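Engineer: After the sequence you'll find the predicted model.
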Amino acid sequence: MEHPILFINLLLELFHLPVHGGHGLLPKIIAPHVTNAWFVMLVLILSAKLFVGKIQMIPGKGQNFFEAVISGIEGFAAENMGEEGAKLMLPMIATLGIYIFIANLIGLFPGFMSPTANVNTTLSLALTVFITTHILGVKFHGVKYIKHFMGPVSWLAPLMLPIELIGHFARILSLSIRLFGNIMAKEVLLGLLFLLAGAFLGPLPIMALGVFVCFVQAFVFVLLSILYFTGAMEHAH
Amino acid sequence: MKKALLVSLLVILTMGVASVAFGQETADAKTAGLDFFIWTVIASGSCIAVAAFGGALGQSAAIKAACEGIARNPEASGKITVTMIIGLALIESLVIYALVICLIMLFANPATSKVLALMGLA
């Protein structure tokens, strides 16, 4: 159930682009979740350029805000990953966190759609985390990374290996569907409430809950990726 | 008294389920196809109801433990609250999995087109 009016779709219709579906590659490229994802990227890049374009010794307001956010994320990551691990993975973790938070949040604005309300976006984010986990494991441990899947005792390995592999693949499903389900449920609920009680400020409590859910889901995604990275980087039990 | 209530509830439930099979005697393709949609809706409703019930029980246990922890040690309330929120989000994700299955059953059911074809696109 998408928003009936999307500003970016209206903009694209001015150029006579097929925004309402069709065959081929072009309708998939300008699908609403893709264009809104580009919009979120544009917002983040523009705000970075505007506020942190020239880094000053005595920070202005925007630079102060972003310094607080980044140092908060780095402190939170350093608790779990250690100092050098946090410094290595901070760009990916902070990008995931800020992008997912803003992407969840624009669904609350009338005229925009959360790109994370589509399972393709969340699946791509979960696949990124999954592949990075294994690249980290191979980079830190080489071939001995396979020992992470063998379990604590060596004679349990034929039993532990399939279980651990299934658990690892289940991470993709759980990360993507958790984020997708929460944000799409929020959008469906808001759509229904606007339909039923929009004129009487009915959706307002759900919108307040929606802001909370957006933050918590971004936070849980970042926390779980930090835990997966830590599990790949540390030594096996 | 409680046992009689339980037995009578089970009898009514069984008769309700079996009556759908009784209706098949005079069925053509359209009636049989309609049963698919009826059962889909019943399954979706029951699925999310059971999931919400279980999720509420699990989350209540987490909140109860967090409240008791804060009551015993108010200085640690920040850490306990953060841990509680994380735990709640993870428990809630299981309910969300059930919700996604229900939404798939209702709105993106892959068997719908096959059943409609069998019904003669009724």
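Structural biologist: Yep, that arrived.

Engineer: near chain B at all, the host helix or strand of A:Tyr228?
Structural biologist: Per DSSP states H and E: A:Tyr228 is located in helix A:204-233. Yes: using CB under 8 Å from any CB of the partner chain, helix A:204-233 reaches chain B at A:216-217, A:219-220, A:223. Glycine gets a C-beta too; all of them are placed from N, C-alpha and C.

Engineer: quick check, nearest of those to chain B?
Structural biologist: Distance to chain B across the residues of helix A:204-233 next to chain B (CB to the nearest CB) is lowest for A:Val220, with 4.4 Å.

Engineer: The closest one reaches B:Leu88, doesn't it?
Structural biologist: No: the criterion here is CB atoms under 8 Å, and A:Val220 misses it with B:Leu88 at 9.6 Å.

Engineer: Which one's more surrounded, these two?
Structural biologist: A:Val220 (22 against 18; other CB atoms under 10 Å in any protein chain shown).

Engineer: And the most centrally placed residue in chain A, how far from A:Ile177?
Structural biologist: Against the mean C-alpha coordinate of chain A, by CA atoms, centre = their mean, the closest residue is A:Ile100 at 3.6 Å. A:Ile100 sits at a distance of 14 Å from A:Ile177 (criterion: CB to CB, to the nearest Å).

Engineer: same question, A:Ile98
Structural biologist: To A:Ile177, A:Ile98 is 22 Å away according to CB to CB.

Engineer: Checking residue 110 next. Helix, strand or coil?
Structural biologist: No chain in the question, so chain A it is. Using DSSP: H, G, I helix; E, B strand; the rest coil, the structure places A:Pro110 in coil.

Engineer: hmm, I had chain B in mind actually
Structural biologist: coil.

Engineer: Check it and give its pLDDT.
Structural biologist: Note on B:Pro110: pLDDT of 89.

Engineer: Phi and psi next, for it.
Structural biologist: Main-chain dihedrals, B:Pro110, degrees, to the nearest 10: phi -70, psi -20.

Engineer: now swap in A:Leu25 and tell me
Structural biologist: Backbone dihedrals for A:Leu25, given as degrees, to the nearest 10, come out at phi -90, psi -30.

Engineer: what's the burial count for it?
Structural biologist: Per other CB under 10 Å, the neighbour tally for A:Leu25 reads 7.

Engineer: Helices along chain B, start to end?
Structural biologist: In chain B, the helices defined using DSSP state H lie at B:2-22, B:29-72, B:77-107, B:112-118.

Engineer: so where is chain B shaky, pLDDT-wise?
Structural biologist: Along chain B, segments meeting pLDDT under 70 span B:18-27, B:122.

Engineer: Report the inter-axis angle for the helix holding A:Tyr228 versus helix B:77-107.
Structural biologist: Angle of helix A:204-233 versus helix B:77-107, following axes from the mean of the first three to the mean of the last three CA atoms, to 10 degrees, is 100 degrees.

Engineer: Centroid-nearest residue for chain B?
Structural biologist: Note: chain B centre (CA atoms, centre = their mean) maps to B:Cys47, 1.7 Å.

Engineer: which residue packs closest to that residue, ignoring adjacent ones?
Structural biologist: Once flanking residues are discounted, B:Cys47 sits nearest to B:Cys102: 5.1 Å by CB to CB, 6 or more residues apart in numbering or on different chains.

Engineer: can I assume A:Val211 is in contact with A:Phe109?
Structural biologist: No: at 11.5 Å, A:Val211 does not count as touching A:Phe109 under the criterion of CB under 8 Å.

Engineer: hey, what's in contact with both of these two?
Structural biologist: Residues touching both A:Val211 and A:Phe109 (CB atoms under 8 Å, 6 or more residues apart in numbering or on different chains): none.

Engineer: For the residue of chain B found nearest chain A, give me its contacts.
Structural biologist: Closest approach between chain B and chain A, counting by CB to the nearest CB: B:Ile96, at 3.5 Å. Applying CB under 8 Å, 6+ apart to B:Ile96 gives the contacts A:177-178, A:181-182, A:185.
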